[in-house]
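Novice: Fold the following and give me the result.
(chains A and B)
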Amino acid sequence: MLRPRIIPCLLVHKGGLVKTTRFADPKYVGDPLNAVRIFNEKQVDELIVADIDATVVGKEPDYELIANLASECRMPLCYAGGVTTIDQIDRIVGLGVEKVALGSATIQTPTLITEAAQHVGSQSIVAVMDVKKAGLRRRHEVFIHNGKKATGVNPVDFARRAEELGAGEVLVNSIDHEGLMKGYDLPLIDQVRGNTRLPISVLGGAGSLEDLRGLVDRYGVIGAAAGSLFVFKGKYRAVLIQYPSLVEKETLLSSLI
Amino acid sequence: MIALVDYGLGNIPAFLHIYKQLNLACVRATTAQELQQADKLILPGVGAFDWAMQRLEQSGMRPCLDELVLRRKIPVLGVCVGMQMMARSSEEGKTSGLGWIPGEVRRFDEANLQGKIRLPHMGWNDVYPKDHLLFKEMTTPRFYFLHSYYFSADSAQAILSETDYGGGFASAVHHEMIFGVQFHPEKSHHWGVQLLKNFADL
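Specialist: Reported below is the predicted structural model:
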């Protein structure tokens, strides 16, 4: 049986790992490679590493860091951040990364997704959308540049466009819920999931294993990603890298097994 | 000595890392000359079929690989698109494959599956192997998959393991000493490490 994927998402800022809240207030939580080693021990399903500076500063991806992460990682790795050209994608996949996430490119340079799928295959191209409620009517809207720039694109159109262009996965990230640990944005996920045939992964808001279980109960096979949940412990948010054990994971998936 | 065929695709460092931890000799090969010392080969891959075949042809290693695998019959393990390249052809592209294992690569049939499953097939799934040394010392093996195409072998004899995704498909195939796995052992925790160790022990 294909299992839902439970995916820690790590944010890189100025070379260190951080955790943000609603895309702001980065708090230092440790060293990226050290975190990967701990997640190896914990037999994580998959890992997302996002460089939150790259697009904003307009710099090249940090290839040395990516190479180190890819060789250390004993689970599949998805890299996000500052990817704008086919050469960058070829190089990143060549370093041993299984998936590359493209955000603003889906809107600004859509041909890049198609071209990338022809090189590295659709299965390795993830279209990622950062979504928040905006405008007087508080409608879900896709934002780029680390949540700073509105695009006027709604999440359903984004997902459909990504699928047509040749992406292999859609990652839905809720800016409104990010870091709050009060649950996923389920109405947002409902909309997107119902309008694409691609596998989807969701991020933003998970605060407990119950939130993951709720996702699996509701959607079955899905990618359940989380940041804070896997790096903070307790109400004072002490930094502690954690992940459900194999036994705990089976319990989370009990509705499927 | 295992040689990892480095034609620019696939996670070479992850394989090297695992074999280093296992204390088994494994090197990266980028030229035909570097392949000569190998007694086993791994053909990794992440990518589209045509792109992967083109990169392999451009590497200049193709004739030497054919010689080692087909004439000298040294064991070879293809991974993901590295496995798919061992077929005659693929529905993903127009280029001919290596033709090492009789079969062709097909896309999962979405029409037939009626929206029951999503493509790509992505994530951890169970693998049901034949009784074979490549899968020794594994109970309920589970591996990471990332693909929309699968190996359709001409003969059921070639199927080494099956996995369920909207019906069964061949998640590993073999023909003489040629092996291919659709999943990523280099990214499948202890199950993957065991499989890579088993391959080294063949």
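Novice: what about the helices in the chain?
Specialist: All of this is about chain A. Ranges of helices in chain A, per DSSP state H, are A:32-41, A:54-57, A:63-72, A:86-94, A:104-108, A:110-120, A:155-165, A:186-193, A:209-219, A:228-231, A:246-252.
Novice: let's do chain B instead
Specialist: According to DSSP H, the helices that chain B contains are B:12-21, B:32-35, B:49-59, B:62-66, B:81-84, B:110-113, B:189-201.
Novice: Chain A: which of those helices is closest?
Specialist: If you check each of those against chain A by CB to the nearest CB, helix B:12-21 wins as the nearest, at 3.3 Å. Glycine gets a C-beta too; all of them are placed from N, C-alpha and C.
Novice: any low-confidence regions in the stretch 101-250 of chain A?
Specialist: Low-confidence segments of the stretch 101-250 of chain A (pLDDT under 70): none present.
Novice: Quick one: name the residues of it near chain B.
Specialist: The interface of the stretch 101-250 of chain A toward chain B, taken as CB under 8 Å from any CB of the partner chain, is made up of A:117-124, A:168-169, A:197-199, A:221, A:223.
Novice: Wait, A:V202 touches A:A224, no?
Specialist: Yes. Using CB atoms under 8 Å, A:V202 makes contact with A:A224 at a distance of 6.6 Å.
Novice: Now do the shared contacts for the two.
Specialist: A:L215 (CB atoms under 8 Å, 6 or more residues apart in numbering or on different chains).
Novice: higher neighbour count, those two?
Specialist: Neighbour totals were compared for A:V202 and A:A224, and A:V202 leads with 27 against 23 (other CB atoms under 10 Å in any protein chain shown).
Novice: From chain B, how far off is the more buried one?
Specialist: Separation of A:V202 from chain B (CB to the nearest CB, to the nearest Å) stands at 14 Å.
Novice: Just list whatever residues bridge to that residue.
Specialist: Using DSSP bridges, the bridge partners assigned to A:V202 are A:V172, A:A224.
Novice: Please name the nearest non-neighbouring residue to A:E141.
Specialist: Nearest residue to A:E141 in three dimensions, chain neighbours excluded: A:A134, at 4.5 Å (CB to CB, 6 or more residues apart in numbering or on different chains).
Novice: returning to that earlier point: with mean neighbour count as added columns, please give the helices of chain A in a markdown table.
Specialist: Output for the helices of chain A, formatted as a markdown table (neighbours: other CB atoms under 10 Å in any protein chain shown):
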| stretch | mean neighbour count |
| --- | --- |
| helix A:32-41 | 18 |
| helix A:54-57 | 17 |
| helix A:63-72 | 18 |
| helix A:86-94 | 19 |
| helix A:104-108 | 21 |
| helix A:110-120 | 19 |
| helix A:155-165 | 19 |
| helix A:186-193 | 18 |
| helix A:209-219 | 17 |
| helix A:228-231 | 24 |
| helix A:246-252 | 13 |
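Novice: Format the ones you listed as JSON lines; extra columns: distance to B:P13.
Specialist: Below are those laid out as JSON lines (distance: least, CB to CB, whole Å):
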{"stretch": "helix A:32-41", "distance to B:P13": "13"}
{"stretch": "helix A:54-57", "distance to B:P13": "21"}
{"stretch": "helix A:63-72", "distance to B:P13": "3"}
{"stretch": "helix A:86-94", "distance to B:P13": "10"}
{"stretch": "helix A:104-108", "distance to B:P13": "26"}
{"stretch": "helix A:110-120", "distance to B:P13": "17"}
{"stretch": "helix A:155-165", "distance to B:P13": "29"}
{"stretch": "helix A:186-193", "distance to B:P13": "34"}
{"stretch": "helix A:209-219", "distance to B:P13": "31"}
{"stretch": "helix A:228-231", "distance to B:P13": "24"}
{"stretch": "helix A:246-252", "distance to B:P13": "26"}
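Novice: for those, which one sits closest to B:I101?
Specialist: B:I101 sits nearest to helix A:110-120 of all the helices of chain A, at 23.6 Å, using CB to CB.
Novice: sorry, back to before: ok, now which ones touch the residue nearest to A:E141?
Specialist: Contacts for A:A134 (CB under 8 Å, 6+ apart) come out as A:141, A:143, A:150.
Novice: quick one: the first one from B:G8, how far?
Specialist: Spelled out, it's A:E141. Separation of A:E141 from B:G8 (CB to CB, to the nearest Å): 39 Å.
Novice: Over to B:A29?
Specialist: Separation of B:A29 from B:G8 (CB to CB) stands at 12 Å.
Novice: related to what we said a few turns ago, just the buried subset of the residues of the stretch 101-250 of chain A next to chain B, written out for PyMOL, thanks.
Specialist: Of these, the buried ones can be selected in PyMOL as follows, counting by 16 or more other CB atoms under 10 Å in any protein chain shown:
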select buried, chain A and resi 117+118+119+120+121+122+123+124+168+169+198+199+221+223
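Novice: what sits against the nearest residue to A:G179 once chain neighbours are set aside?
Specialist: For A:G179, the nearest residue in space outside its immediate sequence neighbours is A:T21; the separation is 3.3 Å by CB to CB, 6+ apart. Contact criterion CB under 8 Å, 6+ apart gives A:178-180 as the residues in contact with A:T21.
Novice: Show me the beta-bridge partners of A:T21.
Specialist: Assessed by DSSP bridges, A:T21 has beta-bridge partners A:A24.
Novice: how much space between it and A:E178?
Specialist: When distance is defined by CB to CB, A:T21 is 7 Å away from A:E178.
Novice: A:I189 is in contact with A:G214, isn't it?
Specialist: No. Taking contacts as CB under 8 Å, A:I189 lies outside contact range of A:G214: 10.8 Å.
Novice: other SSEs contacting the longest strand seen in chain B?
Specialist: When chain B is scanned for its longest strand (criterion: DSSP state E), the result is strand B:168-175. Counting by 3 or more CB pairs under 8 Å, 6 or more residues apart in numbering or on different chains; DSSP states H and E, the packing neighbours recorded for strand B:168-175 are strand B:149-153, strand B:159-164, strand B:178-181.
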